[in-house]
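1. 3D, please:
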Amino acid sequence: MRVISFNANGIRSASRKGFFDWLATQDADFVCIQETKAQVDQLTDSEFNPSGYTCQYVSAERKGYSGVAIYAKRPPTRIVTELGLPEFDQEGRYCAFEYSDLVVASLYLPSGSAGDHRQESKERFLAAFLPIMAEYRQRNLPFILCGDWNIAHRELDLKNWRSNQKNSGFLPHERAWLDQVFDELGYVDAHRVVAPDEAVYTWWSNRANAWENNVGWRIDYQIITPDLAGRVQSAQVYRGQKFSDHAPLIIDYRD
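-> Residues are numbered from 1 along each chain as shown. Here you go, the predicted model:
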């Protein structure tokens, strides 16, 4: 089972850069996309609805902002497009496909880098989302939560960690929040199952040739319930082409 998570930074832009041509070669079972930056009525062309997939887009009320999507080979029994958190549901930050034996979700967690008001919004999301993650654990159903979490967890997860300790995305309490996700709730960072000590990144600033010099952050994760940890077979970040300021995270799970 191949699962791809990708922040497109504009799905139409990523399409022009060859994302869907590449995706057609991947034989992915699930594709979770964040930051589509498009309304549903702007995505009616066939390229945005790949053949053989059930496709669901969740758009923000504000045009050209946020938005998530899931493509799945297996039609879900239920689709969830809201968290029950009005502030964030209007920003199109969550979509989940539910099955009798699995839940796969696409999440775009707020970024706080645009200023104090956005960091405050991020803090509210962190506080509200943790209980939701706890509820999923109580369901005892395998859960793959793909997304741009906008937090680098460990020093290993960003190149210039020393100079970023006071910046959104690497603040001590944000990292401690992920500690709670992993240590208290029992979730697992799927990438780290197979690459526990690899310095690998999924996002690069558009400044100072960060992509070319591989000066990045690992902020895109597939966070999974522990019952799936033994099924993680391989993980890779695809950098062969640049579709976005993020790169696709590809994880293969044993059936």
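2. I'd assumed W177 was in contact with L130.
-> Yes: contact status for L130 versus W177: in contact at 7.2 Å, counting by Cβ atoms under 8 Å. Quick note: C-beta positions are derived from backbone N, CA and C, even for glycine.
3. more crowded one of those two?
-> Counting neighbours by other Cβ atoms under 10 Å for L130 and for W177 shows that W177 has the greater number, 18 against 15.
4. Ignoring the adjacent residues along the chain, who's closest to that one?
-> Among residues not flanking W177 along the chain, L126 sits closest, at 5.2 Å (Cβ to Cβ, 6 or more residues apart in numbering).
5. so what's the residue nearest to D220 when sequence neighbours are not counted up against?
-> Ranked by Cβ to Cβ, 6+ apart and with sequence neighbours excluded, the top spatial neighbour of D220 is T202, at 3.9 Å. Contacts were defined as Cβ atoms under 8 Å, 6 or more residues apart in numbering; by that measure T202 touches N7, G216, W217, R218, I219, D220, V237, H246, A247, L249.
6. Report how many residues lie close to F129.
-> Using other Cβ under 10 Å, the number of residues around F129 comes to 19.
7. and it, that one's in a helix?
-> Yes: applying DSSP: H, G, I helix; E, B strand; the rest coil, one finds F129 inside a helix.
8. how close does it get to Y57?
-> Here F129 is placed at a distance of 21 Å from Y57 (Cβ to Cβ, to the nearest Å).
9. Then P76?
-> Summarising the geometry, the distance separating P76 from Y57, computed by Cβ to Cβ, is 14 Å.
10. Out of those two, name the residue with the larger neighbour count.
-> Under the criterion of other Cβ under 10 Å, the comparison of P76 against Y57 puts Y57 first, with 23 against 17.
11. Just to check, the more buried one is in contact with Y71?
-> No: under the criterion of Cβ under 8 Å, Y57 is not in contact with Y71, lying 9.7 Å apart.
12. mind checking the SS state of the residue nearest to W177?
-> In terms of secondary structure, L126 is helix; the call rests on three-state DSSP.
13. so who does it touch?
-> Residues in contact with L126, defined by Cβ under 8 Å, 6+ apart, are L109, E174, W177.
14. Can I get those in JSON lines including pLDDT, distance to V3 and secondary structure?
-> Formatted as JSON lines, the contacts of L126 follow (pLDDT from 0 to 100; distance: Cβ to Cβ, whole Å; DSSP: H, G, I helix; E, B strand; the rest coil):
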{"residue": "L109", "pLDDT": "97", "distance to V3": "18", "secondary structure": "coil"}
{"residue": "E174", "pLDDT": "97", "distance to V3": "25", "secondary structure": "helix"}
{"residue": "W177", "pLDDT": "98", "distance to V3": "23", "secondary structure": "helix"}
